[in-house]
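Student: Output the structure for:
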Amino acid sequence: MIKTNIGIKFPHHTFVSFDKDFFIADYTGLTKSLSPKRSVEIFSPLPCSDNSCFKVENPNSLLVDTVVFDNNSFKFSSGNSKSQCESASFPSVSNTTSWILFVELKYSLNPLNNTNNLRKAIKQLFKTRYHYIQSSVFLKNDNTCYLIGALPLQSEPFSNFSLTQSYLINLKMKHKIILRLKNSIEIENESIILV
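Tutor: Numbering: from 1, shown residues only. This is a model prediction of the structure:
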C-alpha cells in the first residue's frame, strides 16, 4: 500500500529493499569540498567504514523498502526544494497498521549545537511526514509514524536537549507519531519498532 502510493504520487522516488540490518549515513558535509559529492547512502548488512551511521536492526529479516530523499524529492510549484529528512522506510508488504520510519541525521561533535540541530531535525521530520500525508500516501490517523532524530557522532542520551513525556504522549495519542532522539532502532515486526 505505502510503496504503491509513493510510486503513484512520487514516481521519481526510488526504492531500495533490505531484509537484514541496514545503516543510513549522510556524506553531504564530508564531501562538501570534494568531487564527486555524495549525499545520503544506505548500507547493508554491514555499516560503512568511512562515516558514522544510523542503525536499523532487523533481527526478524522483515523485507523493508526505503526511499532516500534529495533536493529533488519534494518541490514547490515554483520548482524550489521543500525541506525533508534523509529517508523513509516501511515494510514492503504494508497496510494501515504498518509503521513508517522517518530518519534525520545531524553530524556535530559539539553538544552545545544539539538544541539547534535537533530542533531543525524534528522540523524536517514533521515536514516530510506532512508531504506524504498531503499527497495521500497514507492517512494521518492510520499508520504509526516513527520520527527519529539522530546525532551519529555523539552517544545517547544527547545532552542539552530533551522532550517532555507529556509532549511525546500527546503526539502518540493524537497523531500516531512516535518521536525519539536515537542513533538506532530495532524492527520488531510489520507494526512495531522498538525505540
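Student: which other helices and strands contact whichever strand or helix holds residue 23?
Tutor: Per DSSP states H and E, residue 23 falls inside strand 22-26. On a contact count with 3 or more C-beta pairs under 8 Å, 6 or more residues apart in numbering; DSSP states H and E, strand 22-26 meets strand 40-43, strand 54-57, strand 100-105. Placement of C-beta: from N, CA and C, glycine included.
Student: what's the angle between it and strand 100-105?
Tutor: 40 degrees (axes from the mean of the first three to the mean of the last three C-alpha atoms, to 10 degrees).
Student: So what touches strand 22-26?
Tutor: With contact meaning C-beta atoms under 8 Å, 6 or more residues apart in numbering, strand 22-26 is reached by 39-48, 51-56, 58, 64, 66, 86-87, 103, 105, 107, 152.
Student: Go ahead and confirm residue 105 touches residue 86.
Tutor: Yes. With contact defined as C-beta atoms under 8 Å, residue 105 reaches residue 86; the gap is 5.6 Å.
Student: Neighbour count for the two, which is higher?
Tutor: Between residue 105 and residue 86, counted using other C-beta atoms under 10 Å, the more crowded position is residue 86 (29 against 26).
Student: what's across from the spatially closest residue to that one that is not a sequence neighbour in the sheet?
Tutor: Spatial nearest neighbour of residue 86, chain neighbours left out: residue 40 (4.7 Å); criterion: C-beta to C-beta, 6 or more residues apart in numbering. Following DSSP bridges, residue 40 is listed with bridge partners residue 26.
Student: buried ones in the helix or strand containing residue 124?
Tutor: Using DSSP H and E, residue 124 falls within helix 114-134. Using 16 or more other C-beta atoms under 10 Å as the test for burial, helix 114-134 gives 114, 117-118, 121-122, 124-129, 131-133.
Student: Also stretch 172-191?
Tutor: Across stretch 172-191, burial judged by 16+ other C-beta under 10 Å covers 176-179, 181-185, 187, 190.
Student: So which of those are in strands?
Tutor: Mapping those onto strands (DSSP state E) picks out 177-179, 181, 184-185, 187.
Student: Pretty sure residue 149 sits against residue 114.
Tutor: No. Look at residue 149 against residue 114 with C-beta under 8 Å: they stay out of range, at 9.9 Å.
Student: residues touching residue 73, list them.
Tutor: 10, 12-13, 67, 81-82, 84.
Student: Can you report how many residues neighbour residue 43?
Tutor: 17.
Student: Surely it and residue 53 touch.
Tutor: Yes. In this structure, residue 43 is within contact of residue 53 by C-beta under 8 Å, at 7.0 Å.
Student: so how far is residue 7 from residue 183?
Tutor: As defined by C-beta to C-beta, to the nearest Å, residue 183 lies at a distance of 30 Å from residue 7.
Student: now do residue 97
Tutor: To residue 7, residue 97 is 21 Å away according to C-beta to C-beta.
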